[in-house]
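Undergrad: kindly return the folded structure for what I paste below:
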Amino acid sequence: MSSTKPLADAASGTIELRDLHKSYGDTRVLEGIDLRIEPGEFLVLVGPSGCGKSTLLRCVAGLEEVTSGGLFIDGRRCNDVHPKDRDLAMVFQSYALYPHMSVAENLAFSLTVRKFDRDEIDRRVQQVANRLGIADLLDRRSKQLSGGQRQRVAVGRAIVRDPTAFLFDEPLSNLDAALRARMRIELKKLHHDLDATMLYVTHDQVEAMTLADRIVVLDDGIIQQVGTPTELFERPANTFVAGFIGSPPMNFFDAQTTGDTRLESADVELVLPQEYSAVDLPESVIAGIRPTGMKLGAENLAVAGLLRATVEVVEPLGAGAYVHLVVDDTKAVAELPADQARELQFGDEIELSVAPEDVHVFDAQSGRVLRPGPREVADGTV
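TA: Alright, predicted model coming up:
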């Protein structure tokens, strides 16, 4: 068996989930997942531990059985299709390399099992090794490799198959911070080169933001929001997404509405954009402000909001700093320029201004966003 298709020409793969459910007995893990992954898209599943993201990936791979609903790959229903017949390549967190094999043998294994011609196997192995910078490692065993080298071999073993889509289950979590950052760049470049469909699982929202074309935020087996990194950061659908996406996460303050466009508490006086005058806000809400939305010093309260805060800790970060605060007995973080932050000390009482466009408003009961505009935007359908 051989193939004349260029390795770089990735297969066009569409993956679609329709009302997918997964349970273990009475324990619900995934509930009503509706999702379409477009050909060539880099889609990232993100959420806290136990939210169901790895289970969802394993359902797509065929390593877990779907309880109900439909799983379609390139339009073909694959609920009962054996994993080896789904034409998907998976990279595991543990890399899952065969220790008794050389790097070349690990890369070639899937092609050898499928009885490809020897010349074709050698061509593909060499091409992948050159692309990933591991050509000089082909004769080594996996135990002789560093963590980063093992990760490259695991990715190469997936690439050499030329699959319909790639599945990644937290492949960078075993690497140190510096190597993880470098490998994020390599994966991004690899996706650009292959133009392949990639479904990627991580608990690291920074990883999700830097890699994804779109992000799926999961919590308790339910999709909270789907959108581009910018959409999720700037227009979160609820307090969960707002608190999960962004580093540091969004700050939240309980507040009362006092007029069409004003929110207040003991140490919080916020002004909302004028469009909120047409929104029927409840009496009690949650105000959300990104750390970058806080500016040191008070401005004209007719056009800007005000926070009165107590400084707890200052974390210098070079050009800027994270200033940890207490506002209304609530912990908060402001991201300020270094020249301002270095003047602050523990216990300082400060005032911070907040522009109306930097205030997010959420329902105090449901946590859902409250904002002007079409209902589908307010519901987080992006």
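Undergrad: ok, now which ones touch Tyr98?
TA: By Cβ atoms under 8 Å, 6 or more residues apart in numbering, the residues touching Tyr98 are 105-106, 109, 142. Yep, even glycine has a C-beta here, placed from its N, CA and C like the rest.
Undergrad: let's see it at 10 Å
TA: 105-106, 109, 141-142, 157 (Cβ atoms under 10 Å, 6 or more residues apart in numbering).
Undergrad: can you tell me which of these are in helices?
TA: Judged by DSSP state H, helices contain the following of the contacts of Tyr98: 105-106, 109, 157.
Undergrad: and the strands in the stretch 51-200 of the chain?
TA: Assigned by DSSP state E, counting those that start in this stretch, the strands in the stretch 51-200 of the chain fall at 68-73, 76-77, 88-91, 165-169, 197-202.
Undergrad: output the first one as CSV, nothing but the C-alphas.
TA: What follows is the C-alpha trace of strand 68-73 in CSV, where atoms were taken according to Å, rounded to 0.1, in the frame of the first residue of the first chain:
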residue,chain,number,x,y,z
SER,A,68,-26.5,9.3,23.0
GLY,A,69,-26.5,11.9,20.2
GLY,A,70,-24.5,11.9,17.0
LEU,A,71,-20.8,12.1,16.1
PHE,A,72,-20.0,12.8,12.5
ILE,A,73,-16.6,12.9,10.7
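Undergrad: which residues touch it?
TA: Strand 68-73 has contacts (Cβ under 10 Å, 6+ apart) with 13-23, 30-34, 36-37, 59-60, 62, 77-81, 86-88, 164-165, 197.
Undergrad: out of the strands of the stretch 51-200 of the chain, which is closest to Lys53?
TA: The closest of these to Lys53 is strand 197-202. By Cβ to Cβ, the value is 4.8 Å.
Undergrad: who does that closest one pair up with?
TA: strand 42-46 (parallel), strand 165-169 (parallel) (DSSP bridges).
Undergrad: okay, the angle between it and strand 68-73?
TA: Strand 197-202 runs at 130 degrees relative to strand 68-73, counting by axes from the mean of the first three to the mean of the last three Cα atoms, to 10 degrees.
Undergrad: any idea of the angle the helix ranked longest in the chain forms with strand 197-202?
TA: Using DSSP H, we find that the single longest helix of the chain is helix 177-194. Inter-element angle recorded for helix 177-194 and strand 197-202: 160 degrees (by the same axes, to 10 degrees).
Undergrad: which strands or helices does helix 177-194 pack on?
TA: Packing contacts for helix 177-194, counted by 3 or more Cβ pairs under 10 Å, 6 or more residues apart in numbering; DSSP states H and E, involve strand 42-46, helix 118-132, helix 147-159, strand 165-169, strand 197-202, helix 205-211.
Undergrad: closest to Asn251 out of these?
TA: helix 205-211 (16.1 Å).
Undergrad: show me the contact partners of the closest one.
TA: Counting by Cβ under 10 Å, 6+ apart, 42-48, 168, 170-173, 180-181, 183-185, 187-188, 191, 198, 200-202, 204, 214-217, 228-230, 232-233, 244-247, 249 sit against helix 205-211.
Undergrad: mind running it again at 8 Å?
TA: Helix 205-211 is contacted by residues 42, 44, 46, 172, 180, 184, 187-188, 191, 200, 202, 215, 229, 233, 244-247 when judged by Cβ under 8 Å, 6+ apart.
Undergrad: so what's Pro337 closest to, chain neighbours aside?
TA: Nearest residue to Pro337 in three dimensions, chain neighbours excluded: Gly320, at 5.9 Å (Cβ to Cβ, 6 or more residues apart in numbering).
Undergrad: report pLDDT for that neighbour.
TA: Listed pLDDT for Gly320 reads 95.
Undergrad: so it sits against Gln340, correct?
TA: No - taking contacts as Cβ atoms under 8 Å, Gly320 lies outside contact range of Gln340: 9.2 Å.
Undergrad: need the overlap of contacts for the two.
TA: With Cβ under 8 Å, 6+ apart, Gly320 and Gln340 have no common neighbours.
Undergrad: may I have stretch 208-227 exported as PDB, CA atoms only?
TA: What follows is stretch 208-227, C-alpha atoms only, in PDB (Å, rounded to 0.1, in the frame of the first residue of the first chain):
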ATOM      1  CA  ALA A 208      -6.000  28.200  24.600                       C
ATOM      2  CA  MET A 209      -5.800  31.900  23.900                       C
ATOM      3  CA  THR A 210      -2.500  31.700  22.000                       C
ATOM      4  CA  LEU A 211      -3.300  28.600  19.900                       C
ATOM      5  CA  ALA A 212      -7.000  28.600  19.100                       C
ATOM      6  CA  ASP A 213      -8.900  29.900  16.100                       C
ATOM      7  CA  ARG A 214     -12.000  29.300  18.300                       C
ATOM      8  CA  ILE A 215     -12.300  28.200  22.000                       C
ATOM      9  CA  VAL A 216     -14.900  26.100  23.600                       C
ATOM     10  CA  VAL A 217     -15.300  26.800  27.300                       C
ATOM     11  CA  LEU A 218     -16.700  23.800  29.200                       C
ATOM     12  CA  ASP A 219     -17.900  23.600  32.800                       C
ATOM     13  CA  ASP A 220     -19.600  20.600  34.400                       C
ATOM     14  CA  GLY A 221     -20.100  18.900  31.000                       C
ATOM     15  CA  ILE A 222     -21.900  21.900  29.400                       C
ATOM     16  CA  ILE A 223     -20.600  24.300  26.800                       C
ATOM     17  CA  GLN A 224     -20.600  27.800  28.400                       C
ATOM     18  CA  GLN A 225     -19.500  29.700  25.300                       C
ATOM     19  CA  VAL A 226     -17.900  29.200  21.900                       C
ATOM     20  CA  GLY A 227     -16.000  32.000  20.200                       C
END
